[in-house]
Each structure stands twice: as structure tokens, then as C-alpha cells.
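**Q** when you get a sec, could you give me coordinates for this:
(chains A and B)
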Amino acid sequence: MNTKPKASKAQLAEQFRSFIDPEYVITDDETLKPYECDGLAMYREMPMLVVLPETVEQVQRVMRICHENDVPVVARGAGTGLCAGAMPHKEGVVLSLAKFNRIIKIDPLGRTARLQPGVRNLAISEEAAQYGLYYGPDPSSQIACTIGGNVAENSGGVHCLKYGLTVHNILSVEMVTAEGDLITIGSDGLDSCGMDLLALITGSEGLLGVVTEVKVKLLPTPEVAQVIMAGFDSVEKGGDAVGGIISHGIIPGGLEMMDSHAIIAADDFAQAGYPRDAKALLLCEVDGTEEEVHEHIAEAEEVFRKLGATSIRTSQSEEERALLWKGRKSAFPAVGRISPDYYCMDGTIPRRHLARVLLEMEKMSDKYGLRVANVFHAGDGNLHPLILFDANVPGEFEITEEFGSKILELCVEVGGCITGEHGVGVEKIRQMAVQFNDEELQQFHDVKAAFDPTGILNPGKGVPTLKFCQEYRSIEHKQHKHEQTDAAHG
Amino acid sequence: MADMTQQLQEQVLQARTNGQKLNIVGGGTKAFMGRAADPEADTLSLAGHTGIVEYHPVELVLTVRAGTPIKDIEAALAEEGQCLHFEPPRFGDASTIGGTLACNLSGPARPWTGSVRDQVLGIRLLNGKGEHMRFGGQVMKNVAGYDVSRLQAGAMGTLGVITEISMKVMPKPAATATLVEEMALEDVIDYMNRRAGEPKPITGACWVDGKVYLRLSGARSAVEATAEKWSGEVMEGGDDFWQQVRDMQHEFFAGNDVPLWRLSVDSTAPNPNVEGNWFIDWAGSQRWFRGEASLGDLEPVARAAGGQVSLFRGGDRSGEVMHSQPEALKTIQRRVKNSFDPDGIFNPGRLYSWL
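**A** Below is the predicted model of the structure:
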């Protein structure tokens, strides 16, 4: 978006206050401050103003006014995102959906829920539990993150391999377009006629529209779930064990891996009884009917034993299952205790390259002088390296960012991608130039223009300009040549 | 097993230069779907663009050229004990994976295993400018850029030529069993939905000719225990029944004289009170109807059931065959089409008269 807004802050505020409760049109710095970043607090920008509409009609009017006046709009849920996708635009409006927090209807027979976008992810499953149902995707921020944000990011969680991402678990969205039209994409059926716009909207990071309602599918709660914790004396063996389970024909409900740094940090934090000398730890959860779980647990234990597990422990009660998961679920705060700050990456790789990627990461860790701990959605190849750093040391975040970008480039090199579930936002916009060429990026811009011709929705996020990419690639190229020359001379 | 990308690309570029339209054809087994193809258009054939590019059973990921027949893919997967668990319909040996994605076709397991679109991880696509692009990837999770891969599902080739598809594959279930019992149409919607809401290994629920069929599949012990617990007789030759449903070889689908309509609706919606033959699949989400009717008559019926209708086979294919779209969505779809295919080369009018 290149055009300057045609209306001033005061003019916009006045217009918004004519139809939105004036208390919910925020213009003063002190109240604006909490909106300056999302879950990735290293990136900050103060918005021009924030509105919290209470009806869909108000959202439409906000969009029409912003569209007429070329004012950028950044939609925002709970602000738990990890890619600065909800970071405000300094000349723009933050459109908070916080007031849209109602579960409209749960249909126990049809196994669906109609939700306003500000409903928290976990609240869906809590409400559905009385019917023996739950909502599949469970991102680790599920206590706070909202379903609208989940749609924007196509959020996953630990159960993706078996139960899918957000895109697999929604039936329809109601959405306000950049021009203020209200449209419904999808239906109450499992599919709709024509091109799959619902898939296109999911994961579009607020660049194509503002979601005002979501209909999700609910799943029957499995009768039983049991988790096996298996330790291995090398990362390779841990990786082989993941492949072994899947080759055996078992699709676990959750399959997580941690490296030695993460094991120790998590065990210190949660006292989960993890094998502290292990180089890799697997948590393999099997869910289903009692008979199925019984059968698969026995088979999985056998597979792990054959593939060299140094320790195996299977949960015998719900308490024990919760304890074994506690370490994994608190891995981020646990790492937070051993370092002043950490930076969480989100690359995805084909699993067969796991050992190589972890080894390369170790080398980079030495080179940059920063520790890195790994937690890994092993079942679906989604890595979360946590780079440990100290933001108070001048220049250390910049080194961290560079380290992080090298990790993402490595993921692309082995056939993976720069983001599995956190999104691109502002944070990974540079690496888009590594994963995609100019033609592909231009195609993304053209798709964006089909929904948002003047580019007011979340400008500067998701897809980089081609000029920016060319510059980035040429700098990278020069550095690469420079390194090669150094090596030749060294 | 040939890579024809270059020829395909040249043909697209040439069509663009000459202002020629192109009908994209794989195995040609789905020519009956959509609106009638433009007789003025040339054929862009993917029939020779075949072969498995990469297959890593341990990763559960398959990458395949779009013209590869489903039967070849299934044969390769079977060697590793895996399958396309969304059960793509095979309208003949020539049915391809590219056509399956373009038409968004999935079989009876779809409500439980997901659809063809759900398995797609990435594609390569030739757009109307002849650019050969790669979207998505070969990994289970990839949220970089818009999901152009899954957007192709149901687009019927109007956005470009899918040349390669990466998708998730799954282990074959260890055991299956089918339960059958007589049930009236007015009772079956509630029954199938209640069964689908139980945490049991159900992967099929359909109703035809006064009988309800439920399929169980998964771990042997779970299948056996559930078959024991639930009502209905264990059916001999259950797998053959589901194969016929999947490939539309069941006698309900036979013959071309009576139009076949597809309603994709809320699984719990009461069955429409429309005279004719009904086949209910997907635990109520997919309803097949055979009878003389018009799209205009059936649209309000489908809408009342929370979904949409299309004329799947037979009938008048010169008019619209897909549920009509509101103006705002038409505008967006026209613009999306234009962003991929600015000269309107690909499958003109195949999906909608206005696209």
C-alpha cells in the first residue's frame, strides 16, 4: 500500500465514534500501548488508533471508511501470534475482535460449533466436553489464542498428524471484505461448489479479509489415551524410532521429540521424571478405543525397544499421562528459566533429514556463540528450535535473528519450509524470498489484489515486495561469495 | 513415466500468443462433469505426464505427476502397506490424480479421513502466463504464502494446469467390517449422526434402498469389539459394497437417462421432500438424488439443508450446473481467475458460464 491515508487520526476517530461506543475507539498513547506488538514482542509499532466494534455491521462500516480513505487495517484477536502478524501499522487502525467472544451454537448431533472469532481455542473444547466432543487443533497458546487468529494462521498443535490443522477442521467462515461486503465462504456441508476459497482464506494472515464468524467441526473425545515416553542415546535413533512407528502403521495422536537441552530444562521445570542422560526423548501418545490403544501401545513399545530405546515408560493413569506431557508443554517457559530470553523458530523439514539439520544447527550454535534447545513436532516434521539469548546485551538479538534466518534457510534447503504453523507476518518476510521465486511471489500479490485491490489489509506482512526480495537475495549472494572466498583463502 | 512439463508449458505459451483456449484433459474419465467443454478450445493433454516423482513411505508423503492414474498410485502405495485413504472415485483405469484434485472428488471415508484437498501438501502449477510455479511443499505443515494448492480443489482447471501434486498418504487399515440393517429414511439421518459421534473406528455411513451400511476400520481388536457392540448384521463382501459406492458402480448410479444431482449439506438436515431416488452418504453430508429437476428448483432445497447442489451427471450441461454464487463472491472468483489466467485460456465456462 503506497497511498497516504486520506483522513487524519482525529477525523477517523470522530467517524468511528458516531457508530461505535466511544470508549472502544482508542486514541491515547497509554491505552494504545498494549496493542503495539503481538506474542513476538521484539517487533513493535504504535498504531494510529484501535477500534473494538461489537457488531458485524460496525466491522463493515469500519472497513468501508478505511477503504474509502486508504487507511491500513490490522485485524487482531488475542495477540498471541508469534510472527508479528498482528503488529500494528503506524498509520493504520487496529481492528480488535475481542468483543466477538460468544459461542453462538454447539450442535452435538452434527458435531459442529458456530463461533464468533474472539472465542478462545480452549473454550471450544471446554464447552463441547459435556457432549463428549472436542475441537481438534490445539496450539500451545490455546488457553488464550482465539479461533479467528487460528483461521488467520492455520494453527496446528501437537495433534496435527492425526487430526489435521485448522484448515481441516473448519466448515465455513463469515468474512468482511476489504470493501466492507459480508460474505460466507464454505457451507454447512463438507465442501462447496467451485474453487476452494475456504482453504485460501485459512492461513492468509489477515491479508484477505476480516473473519467475523467461524463454523468448526468437533470430534468425539477418544475413549482412552496413553502416552509412551522413550529415551534414546542419539538423535538419529530417536528420529528412526519416529519413522519406525509410522512405518508400522500406527498414527499417534501426538508424537513429540526433545533434544538433550530441552529434556533437562523441561525436567528441571516440571519434574516429570524424564531420562536426563538421554540425547533424544520421544513422547508418543496413542488414542482411540480401549482395544485399539491396548493393541497399539504394546506394538509401539516393541518398536521402540527394537530401535534401541534406553528407557521406556508408559502412562498407567491420567495423572501420569498429564505429568509426562507437563514437561513438553512447559518446554518454552522451562527454557525461559535458563536464559534471559529465547527466540522460537518454526521451520518444517522432511523427517529423514532430522539428524543432519540438528547437527548443522549445533555447528551454527558454536559459530554464533548462542545455545539452542529443540522441541519438535516429530510426527509432522515441525521443528521449534529455541535460540537462547540476552536482549540486554547490545547486538545479541541481531545475531539471534541471523542465526534464526540461517536455520530457516537450512529447512528450505533440505526440502522443508520456513514456517509450519506460526506464519510469516513481519518476522519471516525476508525468508519468503528463499522459499519462493519472483513469479510465485507475484502470484501471491495478484491473489491478494483479488480480495483487497487497494491493499489496506495488513500491509507489509506475509508477502514481500519483489524489489525487497531482489535486494535480499543479492546481499545473501554477496555474503555467500564472500564466505567462499574466505574459505578459499583460509 | 514421462515429464512433459516443457511441452505443456510451450503449449500454454503458444495458446496465449494465438488467443487460443485450452481444455485441460487427464484421463478423460470426468468429461461428464462440469459444464460442457468449449468446442472451440484445443486439448491440453496430461495423459502422458505421469510417474511418481518421490515417495517416502516413512514420511507419509507422495509426490506424483498430475497425469498419473490413480490405479498406478494405489499399486505403488499398496507395496508399502499404504493407501489414498480419502478413497478417490475411479471412473475408469485412466482416472488421474490431477483430475481428482481439480474436481475435488473423495470417496465414502471422506468425513473421517478428509478429502483429496485435505491430503494435498503442495503442487506445481502452470498459470495462464505459462509460468511454472511451486506452492506448498512436501511437508505436513507449511503456512508460508497463500494456500494456492488447496485452492485448486473444485476449480476444475480454471486457474491453471496442475502438473505435480505432493500429498499425504496413510497406512492401510489392518481390518474392516461392514454392518448392515434395514432402516427407514426418516430415521437414518439421526442414526448415522449419532454413530458418527461415538469414539469408534467408523469410516463409512451410507443409506440406500431402505438399508443403512456402517463401515468400521482400524485396529482389528477395535473393529471386532465395535461390530460386536453395535446393531446390524456383519455383511459378507462388505469391502466390495464400499468399492462400488466409491467408484459409483452401485446400481443407484447406473444409466445416464435420469440426471444425477449431488447435494452437499448439513449432515443433520432432514432429507428433502423431493420425489425421486435418494442415496445418502457421508453420514448425511452428501446426498445423491436421481430425478428430473432444475437447478433453480433444487437450490432452495439445498440451501434449506445448509448447503449447495450441483448437477453431477446427465441433464442439460449447457446451462449452469453448479450452485449459484452471490454477487460479491462472483466478483472475487472472477478476480482470482484473472490473477492466474488473465487471458482466460483455461477451461473457459467449464465451472460457471461467467468464469
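
**Q** the spatially most central residue of chain A and chain B, how far apart?
**A** Closest residue to the average C-alpha location of chain A: A:H422 at 2.5 Å, with CA atoms, centre = their mean. Distance of A:H422 to chain B, given as CB to the nearest CB, to the nearest Å: 7 Å. Where C-beta positions appear, they are placed from N, C-alpha and C, glycine not excepted.

**Q** A:C83 is in contact with that residue, correct?
**A** Yes. Using CB atoms under 8 Å, A:H422 is in contact with A:C83, at 5.0 Å.

**Q** between the two, which contacts overlap?
**A** Listed as contacting both A:H422 and A:C83 by CB atoms under 8 Å, 6 or more residues apart in numbering or on different chains are A:153, A:346.

**Q** my read is the residue nearest to the centre of chain A is in a helix, agree?
**A** No. Applying DSSP: H, G, I helix; E, B strand; the rest coil, one finds A:H422 to be coil, outside a helix.

**Q** does anything pack onto whatever helix or strand A:K406 lives in? Which helices or strands?
**A** Assigned by DSSP states H and E, A:K406 falls within helix A:396-413. Using 3 or more CB pairs under 8 Å, 6 or more residues apart in numbering or on different chains; DSSP states H and E as the contact test, the elements touching helix A:396-413 are strand A:341-344, helix A:354-368, strand A:382-389, helix A:432-435.

**Q** run a quick neighbour tally on residue 145.
**A** No chain in the question, so chain A it is. Residues contacting A:C145 under the criterion other CB atoms under 10 Å in any protein chain shown number 22.

**Q** correction: the question concerned chain B.
**A** Neighbours of B:G145 under the rule other CB under 10 Å: 26.

**Q** ok, stretch B:79-89 near chain A or not?
**A** Yes. Legend: contact between stretch B:79-89 and chain A by CB under 8 Å from any CB of the partner chain is shown at B:G81.

**Q** show me what that stretch is in contact with.
**A** Taking CB under 8 Å, 6+ apart as the rule, stretch B:79-89 contacts A:249, B:55, B:57, B:60, B:70, B:73-74, B:77, B:95, B:97, B:100, B:105-110, B:113-116, B:118-119, B:167, B:169-172, B:242, B:246-248.

**Q** can you show me the CA trace of it as CSV?
**A** Taking Å, rounded to 0.1, in the frame of the first residue of the first chain, the C-alpha atoms of stretch B:79-89 are listed here in CSV:
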residue,chain,number,x,y,z
GLU,B,79,3.5,-52.4,-1.8
GLU,B,80,4.3,-50.3,1.3
GLY,B,81,1.0,-51.1,3.1
GLN,B,82,-0.3,-47.6,2.5
CYS,B,83,-3.2,-46.1,0.6
LEU,B,84,-5.0,-43.0,-0.5
HIS,B,85,-7.4,-43.1,2.5
PHE,B,86,-9.7,-40.5,1.0
GLU,B,87,-10.7,-43.2,-1.5
PRO,B,88,-10.8,-41.2,-4.8
PRO,B,89,-13.5,-42.5,-7.1
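
**Q** now do the buried residues in it.
**A** For stretch B:79-89, a neighbour-count test (16 or more other CB atoms under 10 Å in any protein chain shown) marks B:80, B:82-89 as buried.

**Q** same check on stretch A:293-302?
**A** For stretch A:293-302, a neighbour-count test (16+ other CB under 10 Å) marks A:293-297, A:299-301 as buried.

**Q** and of the residues you listed, the nearest to A:A113?
**A** A:V293 (26.3 Å; CB to CB).

**Q** any idea how far B:P199 is from the closest residue in space to the closest one that isn't next to it in sequence?
**A** Distance criterion CB to CB, 6 or more residues apart in numbering or on different chains; nearest residue to A:V293, sequence neighbours excluded, is A:V224 at 4.6 Å. Using CB to CB, to the nearest Å, A:V224 is found at 9 Å from B:P199.

**Q** what of A:T212?
**A** Counting by CB to CB, the gap from A:T212 to B:P199 is 32 Å.

**Q** if you count what's nearby, which of these two comes out ahead?
**A** A:T212 (23 against 19).

**Q** looking at it, that one is touching A:E174, isn't it?
**A** Yes. With contact defined as CB under 8 Å, A:T212 counts as touching A:E174 (5.1 Å).

**Q** of all the residues in the stretch 1-150 of chain B, which ones are close to chain A?
**A** Within the stretch 1-150 of chain B, the residues that sit near chain A (CB under 8 Å from any CB) are B:56-61, B:81, B:104, B:110-111, B:114-115, B:117-118, B:127, B:131, B:133-135, B:137-148, B:150.

**Q** can you say which of those are buried?
**A** Using 16+ other CB under 10 Å as the burial test, the residues of the stretch 1-150 of chain B next to chain A include B:56-61, B:104, B:110-111, B:114-115, B:117-118, B:127, B:131, B:133-135, B:137-148, B:150 as buried.

**Q** residues near A:P394, how many?
**A** 8.

**Q** doesn't it belong to a strand?
**A** No. Under the criterion used here (three-state DSSP), A:P394 is coil, not part of a strand.

**Q** for it, grab phi and psi.
**A** Dihedral pair for A:P394: phi -60, psi 130, per degrees, to the nearest 10.

**Q** before we move on, back to that, joint contacts of A:T212 and A:E174?
**A** Residues touching both A:T212 and A:E174 (CB under 8 Å, 6+ apart) are A:56, A:182.

**Q** now the helices for the stretch 101-250 of chain A?
**A** Using DSSP state H, counting those that start in this stretch, the helices found in the stretch 101-250 of chain A span residues A:121-128, A:147-153, A:160-163, A:197-201, A:235-247.
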